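Visitor: Compute the structure for the input listed below.
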Amino acid sequence: MISSIAQSLDRLTLEPSPSSDPQIVRLTCLLKAGDEAAFREFHEQYFDRLYRYALVCMHGNEDAARDAVQETLLRVVRHVRRFDDSDAFWNWLTVLARSAVADGGRRRLRYGRLLKRYAMGGVDPAPPQNGELFNALELSLAELPTDDQTLLRRKYEDGASVKEIASESGATEDAVESRLVRIRRRLRSLVFKQLANERA
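Guide: Numbers count the residues shown, from 1 in each chain. Alright, predicted model coming up:
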């Protein structure tokens, strides 16, 4: 049953629509086929427009808007399909962009919670602003070994339990917890160092 529905949908998408835009049909079909020249054409036509859209969604935050657009482009490569007209294609692109913006916002909130919970364990007489916290955390995470970054993200970004991580890695729960404690201490030290450098 499912296969017959899928075949019917395939036939519908292959049949030309009387109101279709040949340029959009060509571009999206080539994108779906993985054509590099088509992606360059798509990038030239839509990057600036997507960036302006993301910039509005991110309330003028240029770095966050650029990140959202890059994530949108990755999603286009992974999920593009044939479109018959430019309006439908643009509407689909904005859905991807809004999703990328939302995911980026959630990621920043998770990093902020991680920082406030573990990196700022002491009382700071001059608490940093959220932007400072986020930048310090990003820079500090980048200084950690890749395995440590992966473990932190698995625990605090993905929400995995110590038991789940231990099962995945073949380590004991005590070993995972001990490692997390060491990484948090190291991260807190790095964050304070970053904040001190920013304020110097």
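Visitor: Mind listing what's buried along stretch 62-74?
Guide: 64, 65, 67, 68, 69, 70, 71, 72, 73 (16 or more other CB atoms under 10 Å). Glycine gets a C-beta too; all of them are placed from N, C-alpha and C.
Visitor: Out of those, which sit inside helices?
Guide: Counting by DSSP state H, these place 64, 65, 67, 68, 69, 70, 71, 72, 73 in helices.
Visitor: and the closest residue to residue 136 other than its chain neighbours, what is it in contact with?
Guide: Nearest non-adjacent residue to residue 136, counting by CB to CB, 6 or more residues apart in numbering: residue 194, 4.0 Å away. For residue 194, the contact set (CB atoms under 8 Å, 6 or more residues apart in numbering) comprises 135, 136, 139, 140.
Visitor: Can you tell me the number of residues neighbouring the second one?
Guide: The reference is to residue 136. Neighbours of residue 136 under the rule other CB atoms under 10 Å: 23.
Visitor: secondary structure element for it?
Guide: Under the criterion of DSSP states H and E, residue 136 resides in helix 130-143.
Visitor: Tell me the predicted confidence for residue 63.
Guide: pLDDT recorded at residue 63 is 77.
Visitor: I meant residue 100, not that one.
Guide: For residue 100, the model assigns a pLDDT of 84.
Visitor: how about the nearest residue to it, chain neighbours excluded?
Guide: Nearest one to residue 100, counting by CB to CB, 6+ apart, is residue 71 at 3.9 Å.
Visitor: my read: the one you found touches residue 102, true?
Guide: No - look at residue 71 against residue 102 with CB atoms under 8 Å: they stay out of range, at 10.5 Å.
Visitor: Which stretches in this structure count as helices?
Guide: 2-14, 22-32, 36-57, 62-79, 86-114, 130-143, 146-152, 162-169, 173-199.
Visitor: Of the ones you listed, which shows the lowest average pLDDT?
Guide: Among the helices of the chain, helix 2-14 carries the lowest mean pLDDT (a mean of 36).
Visitor: before we move on, the earlier item: any chance of TSV for the contacts of residue 194, columns distance to residue 158?
Guide: Below are the contacts of residue 194 laid out as TSV (distance: CB to CB, whole Å):
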residue	distance to residue 158
135	23
136	22
139	22
140	19
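Visitor: By neighbour count, which of these wins?
Guide: Among the contacts of residue 194, residue 136 has the most neighbours (other CB under 10 Å), with 23 neighbours.
Visitor: I'd assumed residue 195 was in contact with that residue.
Guide: Yes - assessed by CB under 8 Å, residue 136 is found in contact with residue 195 at 5.1 Å.
Visitor: Could you count how many residues lie near residue 51?
Guide: Residue 51: 18 surrounding residues under other CB under 10 Å.
Visitor: Show the contacting residues for it.
Guide: 65, 66, 69.
Visitor: separation between it and residue 57?
Guide: For residue 51, the distance to residue 57 equals 11 Å [CB to CB, to the nearest Å].
Visitor: Could you tell me how far residue 49 is located from residue 196?
Guide: From residue 49 over to residue 196 (counting by CB to CB), the distance is 41 Å.
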